Structures are given as structure tokens and as C-alpha cells.
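S.K.: from the sequence below, what's the structure:
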Amino acid sequence: MDRTDISWQGYWAACPTPYGEHGELRLDLLESLLEHYLAHGLHGVLINGTTGEWFSQTSAERRAVAETAIGCVGGRVPVVIGCSDYTAKAVIELADHAMRAGASGIAASAPAYSRPLDEEIVAFYEDICTALPDAPMMLYNWPSGTHVDFSPELCARLVDIDSVVALKNSTGDFDRFVETTRMVVQRARVFGPFMSRAGYRALTRVGGDGFIGGGAILDDADPRFWQAHWEGDQAYCLQHAERTDRIFEKLWLPGGWRGRFGHYQSQLKAIMTMIGQPGGTVRPPRLPIKRPELLQQIRAILVEEGILEPDRGDGSETTN
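M.R.: Residues are numbered from 1 along each chain as shown. Reported below is the predicted structural model:
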């Protein structure tokens, strides 16, 4: 199994998991959010990744979220289920459930906290893929959460494992990202920061398949970037990349691991509430952003970038 066995590409949302004010799982809001993404042309969704706050869910909740997402999307776009956990055994249990529920594939980062060595990372993925040989695997390189950063050489070894078909590469080292892409893109689909100006240059030079972003606050514009790329509309891609760079610098810290006004999921859900997306709130250990001055600063950036229209004087705002 390799990249030719799947059609994963374009803009995917790393889908937030909506919670209520008391921490309850809001599967109804998850369905509404997925329908919103589909209505705006997203090409796929990653469920229970970092943005999905898998770390604050029980195993039963993770299964319920997976089943809800798969059932709601109903095959309209690929649904990959994040199954990251501390051991291969735990990943296998979640991944087996996801595939039996109808997932398009699975994703897993290296085990967090333990800081595994390269040989241990290879063995970890080999154990998962051996147990589930028919489950397309998306590697997830997330050094901000795992404290290991896959080298290009390690990625080249990992994509040789049967059933590894894709790489979501969230390294903060852009040069390493480009070199890794160059080494593995002929064998695995590569998702990463191609939608910046530097990323778009790399995309046109070494290739690439898509980007999995935290949510989708720009609605149609992000999937349109990929459609423009496939159609050879370089002008649109560059224009969108410039806007993306501008927004990112104002809202997120370098590397994208957290927001400038709160943690990643907390800031994203605050933005989603402002623009009318059904994201709910966060669950501990994440805390919602409640300070009025921080929310006002976020709102001002959204207005400045044309994501949110100015207050019309009646306390209401609209999205663009």
C-alpha cells in the first residue's frame, strides 16, 4: 500500500471536538460543524487529532466521536480518525474500531511524553501496521506534543512500512519539512504548510498533496487554494498565501502550536464562536478565553482581515 492507493489531497480540517459549558460532549454540534465544512468544499477531515482534544476524552468518547463523524460524513469526503496514544496496543484498539466503523484511514503521532528513539518509533508504527494491514496509516509528526521531530531519514524509513500512505508533517523546521517532502512524496501523500508564501514555493518545486489546518475559519477560500493549484492559477495561490501569512502572524505563535491570546484550541473556538461556527467550547485541561480585552483583540484582527464585518451598531456582526 502506498500513496497511489488513496486519493487524499487538498484542504482538510483538523476538526475540533465541541464541548458544552459543563464539559459535556456535544455530538450534535459536531454533526453541524461537519455539515458546515462539507458545504464549504473541504476535501477531507481529520477527527480526534490535536485540534480535536483527544487527550481530554475517554476511550468511549473517542469511539463515539469517530462513529458520529463517519456516520455524518457518509463517504462524501475522506474521514481519517486520529488514534494517537501512549502505546501501540492502545492505538491498535482505537484504530481497529475506527476502521470497522467505516473510517477512510487512521492517523497516529509518536507516543507522547516518553520521547522515543528512532528505532522505537519505527517499531511502534510497525506494530500498528502489522496488526491492521488494511488500514491506511497517516503518520503524524507533532514535535510540540511528542518532543520528537521526525528527521527526513526517519520519515523515509517509516513510509517503507506497509500501509503507511501519508504524512502530516507539523515540524516547526521549514527546511526539514521541505527536505522530508522531497524524500518521501513519491511514496506517501504529504500534508504540511504549503499554503504560506514559502510553502507554496516548495509545493511548486518538490510537490505535495494538501494541508490539514486547525478548523476552517476562512470557509471556501482554503479549499479554493488547492483547486487553483491544481488548475495552475498561480495568482490566486500567491494572493491567498500572502493573506494566510498575514493572518497567521497576527493570531498564532511560530510553529502554530498555540495562539497569541490562548492555547490553540481555546483561541480557535473563540474565533469560531465569533464567526458563527458551531465549535462549542474547550474541556480541561484547556480553558476558554474569557478576558474581554483578549476577545476584543481577536475580534479586531478578524475584522481587519475581512473575516468578520465590523459591529453594525446593534451589537451584531456578520462573517464574510
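
S.K.: so where's the protein uncertain?
M.R.: 312-320 (pLDDT under 70).

S.K.: quick one: the strands in it, in order.
M.R.: 10-15, 44-47, 79-82, 105-109, 137-141, 164-169, 189-191, 210-214 (DSSP state E).

S.K.: what angle separates the last one from strand 10-15?
M.R.: Interaxial angle, strand 210-214 versus strand 10-15 (axes from the mean of the first three to the mean of the last three Cα atoms, to 10 degrees): 20 degrees.

S.K.: and Leu25, how far is that from Glu61?
M.R.: Taking Cβ to Cβ, to the nearest Å as the measure, Leu25 falls 6 Å from Glu61. The C-beta positions use only the backbone N, C-alpha and C, and glycine is treated the same way.

S.K.: more crowded one of the two?
M.R.: Leu25 (20 against 16; other Cβ atoms under 10 Å).

S.K.: quick one on the thing from earlier: dump the strands of the chain to CSV, plus mean neighbour count and distance to Leu154.
M.R.: Converted to CSV, the strands of the chain look like this (neighbours: other Cβ atoms under 10 Å; distance: least, Cβ to Cβ, whole Å):
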stretch, mean neighbour count, distance to Leu154
strand 10-15, 27, 23
strand 44-47, 26, 22
strand 79-82, 29, 20
strand 105-109, 26, 13
strand 137-141, 27, 9
strand 164-169, 26, 11
strand 189-191, 27, 15
strand 210-214, 24, 20
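
S.K.: could those go into JSON lines alongside distance to Tyr264?
M.R.: Listed next are those as JSON lines, based on distance: least, Cβ to Cβ, whole Å:
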{"stretch": "strand 10-15", "distance to Tyr264": "10"}
{"stretch": "strand 44-47", "distance to Tyr264": "14"}
{"stretch": "strand 79-82", "distance to Tyr264": "15"}
{"stretch": "strand 105-109", "distance to Tyr264": "15"}
{"stretch": "strand 137-141", "distance to Tyr264": "15"}
{"stretch": "strand 164-169", "distance to Tyr264": "15"}
{"stretch": "strand 189-191", "distance to Tyr264": "17"}
{"stretch": "strand 210-214", "distance to Tyr264": "6"}
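
S.K.: quick check: which of those strands is nearest to Arg258?
M.R.: Arg258 sits nearest to strand 210-214 of all those, at 10.7 Å, using Cβ to Cβ.

S.K.: state the number of residues packed around the residue nearest to Ile217 when sequence neighbours are not counted.
M.R.: Spatial nearest neighbour of Ile217, excluding adjacent residues (Cβ to Cβ, 6 or more residues apart in numbering): Ile271 at 5.6 Å. Residues near Ile271, counting by other Cβ under 10 Å, number 25.

S.K.: now do the contacts for Ile271.
M.R.: If you count contacts by Cβ atoms under 8 Å, 6 or more residues apart in numbering, Ile271 has them with 215, 217, 251, 298, 302.

S.K.: and the gap between Pro78 and Val45?
M.R.: According to Cβ to Cβ, Pro78 and Val45 sit 8 Å apart.

S.K.: what touches both of the two?
M.R.: Contacts common to Pro78 and Val45, judged by Cβ under 8 Å, 6+ apart, are Trp12.

S.K.: ok, which stretches of the stretch 51-200 of the chain are helices?
M.R.: Ranges of helices within the stretch 51-200 of the chain are 59-73, 88-101, 118-131, 143-146, 152-158, 174-184, 197-206, based on DSSP state H, counting those that start in this stretch.

S.K.: and Pro292, which of the ones you listed is closest to it?
M.R.: The nearest among the helices of the stretch 51-200 of the chain, by Cβ to Cβ, is helix 143-146 at 28.6 Å.

S.K.: list the buried residues of that closest one.
M.R.: 143, 145-146 (16 or more other Cβ atoms under 10 Å).
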